[in-house]
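Student: I'll drop the sequence and a predicted model, then ask my questions.
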Amino acid sequence: MLRGANKQEIFHDDEDCMTFLETVEKYKIKSEMDVFAWCLMNNHVHLLLKEGNEDISTTMKRIGVSFVWYYNLKYKTTGHLFQDRFKSENVETYMYLLRVIRYIHQNPVKAGIAKTVDEWRWSSCSGYYGQKVSFSRFMLDEDVILRMFSDDVAVAKMKFKEFNEKTNDDECLDDRSTERKRFTDEEARMEIKKILGEVEIAQVKSLPKLKRDIVLRETKEVEGISQRQAARIFGVSPNLVFRA
């Protein structure tokens, strides 16, 4: 699992998500690793990988450095994007392997940002279901997993879907914290007003830079408000919020 430094957003648009997946695929090919599942959330990533011809730490470093280079160039930022080293654990049984895949796919549902597991575009779930995907068909090694359910592909997909959507209390990576549901714009405005006091939201973009940046930084620290959402509410460019 990779997290944004200080829980900052990692992905701001579809291009960011696609670039990250393309980066993973690039190093999947180079390192000959297997990719069994992933889920890209706004400020963190879940990956289920089987080590290839190099240590997984080396592969993850390559992925991180490559994506940070792209991110800093695009958003004209510098410094760390990810929080320290990636967090990981070994998957040592077939049952736990399946549970981790389910945990990863159900992340958006449990976070309240998707109603069903296959509604979230930026996970590997659609590849298992045989649906239209937003990634290269060579990215996902689903055959190994599906054969655990049946040698008949159609039966395997049906049984996997049933398992994947089953209500559960799966906990992985010792990550016991529950993801905060993102605020609606109206809820976000209410939270922002608490920060502003007597200052109106519409006045923020006209504040002196020092005062404006303080407001933007305090807003970014509010769990549930995305940086792009804050930019939209304040009527400023996303880049202004990112750099505050």
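Tutor: Yep, that arrived. Numbers count the residues shown, from 1 in each chain.
Student: can you tell me the helix or strand for residue 38?
Tutor: strand 34-40 (DSSP states H and E).
Student: packing partners for that strand?
Tutor: Contact partners of strand 34-40 among helices and strands, from 3 or more CB pairs under 8 Å, 6 or more residues apart in numbering; DSSP states H and E: helix 14-31, strand 44-50, helix 94-110, helix 142-146. C-beta coordinates here come from the backbone N, C-alpha and C atoms, glycine included.
Student: any chance you could map the helices in the protein?
Tutor: Under the criterion DSSP state H, helices of the chain are mapped to 14-31, 56-75, 94-110, 125-129, 142-146, 153-164, 185-196, 209-220, 227-234, 238-243.
Student: got the angle between the longest one and strand 44-50?
Tutor: With axes from the mean of the first three to the mean of the last three CA atoms, to 10 degrees as the basis, helix 56-75 and strand 44-50 are set at 140 degrees to each other.
Student: contacts only, for the residue of the chain most remote from its centre.
Tutor: Largest separation from the mean C-alpha position in the chain: residue 198, at 35.5 Å (CA atoms, centre = their mean). Listed by CB atoms under 8 Å, 6 or more residues apart in numbering, residue 198 has no contact partners.
Student: what of residue 92?
Tutor: Here residue 92 is in contact with no residues (criterion: CB under 8 Å, 6+ apart).
Student: shaky segments in the chain?
Tutor: Flagging of the chain using pLDDT under 70 yields the residue ranges 174-181.
Student: mind doing that once more with 80?
Tutor: Applying pLDDT under 80 to the chain flags the ranges 6-7, 84-85, 134, 137, 170-182, 223-224, 242.
Student: could you count how many residues lie near the closest residue to residue 243 other than its chain neighbours?
Tutor: By the measure of CB to CB, 6 or more residues apart in numbering, the closest residue to residue 243 outside its immediate chain neighbours is residue 77, 6.3 Å from it. Residues near residue 77, counting by other CB atoms under 10 Å, number 14.
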